[in-house]
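1. 3D model of this:
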Amino acid sequence: MQHRLCRCASGGTSLLISVLSAGMVAGCAQHTMSVPKSAAAYNASAQPSAPRADSNQFTAVPAVDAPTDLQIGDAVLRQLERDPGVDTHDIQVVTVDGIVQLSGTVDDLLSKERIARVAETVRGVRAVSNLVRLNVPKRDDRMIASDVSNALHLNAATESLRIVPTSYGGTVTLMGTVSSWQEKQLAERITKGVRGVTGIEDHIDVKYSTSRSDPQMATDVESRLMWDMLVDDDRISATVEGGKVFLRGQVGSAAERSRAYADAWVTGVQSVDVSELVVNPSMRNPDVRLPSEVHPSDPDIAQAIMDAAVYDPRVSSTEIRPEVVAGIVTLRGIVDDLQAKLAAESIARHTVGVVDVRDRIQVKSQQPVTDQQKAERIRDALAIDPVTDDDDVRVDVDNGVAVLRGAVGTYLESAEATQLAAGVRGISSVDNQLNVKRPGAGYRGSASMYDPYVESWTYIPRKVIHSDAKIARDIENELASTPFVDENAISVQVRGGTATLTGTVSNWKQRSAASRDAFAGGAVAVDNELQVK
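-> Numbers count the residues shown, from 1 in each chain. Prediction:
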């Protein structure tokens, strides 16, 4: 089944804010995967948030309620249409046996990769073959290399990394040494957010500070899988042999497999093999991470948050103090920048047993950086990014608060500017006063390039365009196509274009995704009364 999507939107994707520790899967990472014979000819390229699909030998798993290829293709198109993080004006979708092939042309590397990540989140997708071509304006290689170096320096989480970039024909080679796989992936992500970059050759070495045994690593991998809200560890086994992790079992979506892959990169791991981690589309609730009779204690939840923070280069576990009472987490501490504060909150929200998060973290830079210097760094970051147009954005910083004024084309550019500002050391908050020239695009909110589940954007039609009955049906269809939402536990009522959602969900992620699905179904407003239990 072939689909063609025609939609004009601003290209690119956001650079910051999500769960880096469990959400980054780079195309250069060492792993072993393959696709069924019927899709072997797809010759998939490496994906940043999904394992390669061109070497996979996993077999199809019978699924009595698995969606058809036609349904999968339609769902992928719907997801792409409502996601403003990519320019999908000429994207084709072909689905065979649950394997999605993407082709067409986009204007930047981040857009190409985000399309694959969006497709991964659709229920029934077992792998993604990304054949999308790049149409990137040529730039001088010396300028590209210089901008990559500047981009790494401008972000508080990578400014201290010793990485030397060079560029040839738009392909950037990264050389250097880092202390974790997560730092390596973060450097790649920021590099891909530079104008003119068409590819990356990653020669960064990971040198761990300590030597660890296979049993120690296996214990850590199992712990990370167990505590990750977006991975069902009950269906996954992990073994470690000679520093290589083998994950086996079943997952409910391609995105969940990517999440498990990233979780496995604990200190000391040399490679991760997910060739025997099979996507079974019949698994409808990948958000239930522990048996129902097991209830983690508050101290254990707090420790799990601290352990997860160790693997996020944007936030040090020594900077935050989680206090947990009846599953409600209060985060305290002092960090250097806004992205660290938001990353810590996201880590907490993705931890099993967490009911709600109250962020009381303060932002106070330990380095003497003036407001003028902070403003200059934000302007530089805007100029480097392929999405934003710095000529239309005015930046002022007062006592660590960044104020953005002017006009941008889309809500995507507005959100991108906010997140670039959040990555600058010493920025405590961002006051976005930007006017959007083309609000008819209908999107606003925030997204993340790090999270393979794709953080929610909000789609807001300017007026009711369908009957209440049709909107309700469309919302139910959206809920059914989202892998991390159990539509059977959610009731939908629509009156005057306003959707009311009632029922229960397992965590905040399901609740947020349900709201997004309601807007995507055509609601002009959403009253989300879902209870997290």
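2. after the helix or strand of the chain with the lowest mean pLDDT, which helix or strand is next? Please name it.
-> When the helices and strands of the chain are scored by mean pLDDT, DSSP states H and E, helix 20-23 comes last with a mean of 35. Downstream of helix 20-23, the next assigned helix or strand under DSSP states H and E is helix 69-82.
3. buried residues in the following helix or strand past that next one?
-> Downstream of helix 69-82, the next assigned helix or strand under DSSP H and E is strand 91-96. Neighbour-count burial for strand 91-96 flags Ile91, Val93, Val94, Thr95, Val96 (criterion: 16 or more other C-beta atoms under 10 Å). In this view, the C-beta of every residue, glycine as well, is placed from N, C-alpha and C.
4. against which helices or strands is strand 91-96 packed?
-> strand 2-5, helix 69-82, strand 99-106 (3 or more C-beta pairs under 8 Å, 6 or more residues apart in numbering; DSSP states H and E).
5. tell me which of these sits nearest to Gly497.
-> helix 69-82 (16.8 Å; C-beta to C-beta).
6. could you list every helix and strand in contact with the closest one?
-> With contacts taken as 3+ C-beta pairs under 8 Å, 6+ apart, helix 69-82 sits against strand 2-5, strand 91-96, strand 99-106, helix 109-120, helix 468-481, helix 508-520.
7. would you mind finding the most buried of these?
-> Highest mean neighbour count among the helices and strands packed on helix 69-82 (mean count of other C-beta atoms under 10 Å): helix 109-120, with a mean of 28.
8. can you name the next helix or strand after that helix?
-> Next element after helix 109-120 (DSSP H and E): strand 127-130.
9. summarise which helices and strands that next one is packed against.
-> strand 99-106, helix 109-120.
10. quick one: which of the helices and strands packed on strand 91-96 has the weakest pLDDT on average?
-> Mean pLDDT across those is lowest at strand 2-5; the value there is a mean of 46.
11. OK, contacts around Val251?
-> Val231, Asp232, Arg235, Ile236, Arg257, Ala260, Leu277, Val278, Val279, Asn280, Met283, Pro286 (C-beta atoms under 8 Å, 6 or more residues apart in numbering).
12. Thr121 versus the third one, what's the distance?
-> Put plainly, it is Arg235. 19 Å (C-beta to C-beta, to the nearest Å).
13. tell me which of the two has more neighbours.
-> Comparing Arg235 with Thr121 by neighbour count (other C-beta atoms under 10 Å), the higher total belongs to Thr121, at 26 against 19.
14. can you name the two of the buried residues of strand 91-96 that sit furthest apart?
-> The widest separation within these (C-beta to C-beta) is 17.0 Å, between Ile91 and Val96.
15. coming back round to it: turn the helices and strands packed on strand 127-130 into CSV, including distance to Gly409.
-> Formatted as CSV, those follow (distance: least, C-beta to C-beta, whole Å):
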stretch, distance to Gly409
strand 99-106, 17
helix 109-120, 15
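16. mind giving me TSV with the helices and strands packed on strand 91-96 and columns for distance to Lys138?
-> Output for the helices and strands packed on strand 91-96, formatted as TSV (distance: least, C-beta to C-beta, whole Å):
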stretch	distance to Lys138
strand 2-5	27
helix 69-82	27
strand 99-106	15
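17. of these, which approaches Val194 most closely?
-> Short answer: strand 99-106, nearest of the helices and strands packed on strand 91-96 by C-beta to C-beta, at 15.7 Å.
18. what is the strand or helix carrying Glu413 packed up against?
-> For Glu413, the element it lies in under DSSP H and E is helix 411-422. Judged by 3+ C-beta pairs under 8 Å, 6+ apart, helix 411-422 is in contact with helix 338-349, helix 371-384, strand 401-408, strand 429-432, strand 435-436, strand 443-445.
19. what's the fourth one packed up against?
-> Under the contact definition 3+ C-beta pairs under 8 Å, 6+ apart, strand 429-432 sits against strand 401-408, helix 411-422.
20. return the most buried member of the ones you listed.
-> Highest mean neighbour count of the helices and strands packed on strand 429-432: helix 411-422, a mean of 26 (counted as mean count of other C-beta under 10 Å).
21. how far is that helix from where the chain is centred?
-> Distance of helix 411-422 from the chain centroid (C-alpha atoms, centre = their mean, to the nearest Å) equals 15 Å.
22. and stretch 249-258, average pLDDT?
-> In this model, stretch 249-258 carries a mean pLDDT of 89.
23. start to end distance for that stretch?
-> 14 Å (C-alpha to C-alpha, to the nearest Å).
24. now do the contacts for Ile328.
-> Neighbours of Ile328 in contact, by C-beta under 8 Å, 6+ apart: Val354, Val355, Asp356, Val357, Arg358.
25. that older thread, just send the contacts of Val251 back as CSV, with distance to Ile144 and secondary structure too.
-> Shown next, in CSV, are the contacts of Val251 (distance: C-beta to C-beta, whole Å; DSSP: H, G, I helix; E, B strand; the rest coil):
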residue, distance to Ile144, secondary structure
Val231, 36, coil
Asp232, 41, coil
Arg235, 43, helix
Ile236, 40, strand
Arg257, 33, helix
Ala260, 34, helix
Leu277, 36, strand
Val278, 40, strand
Val279, 36, strand
Asn280, 42, coil
Met283, 43, coil
Pro286, 39, coil
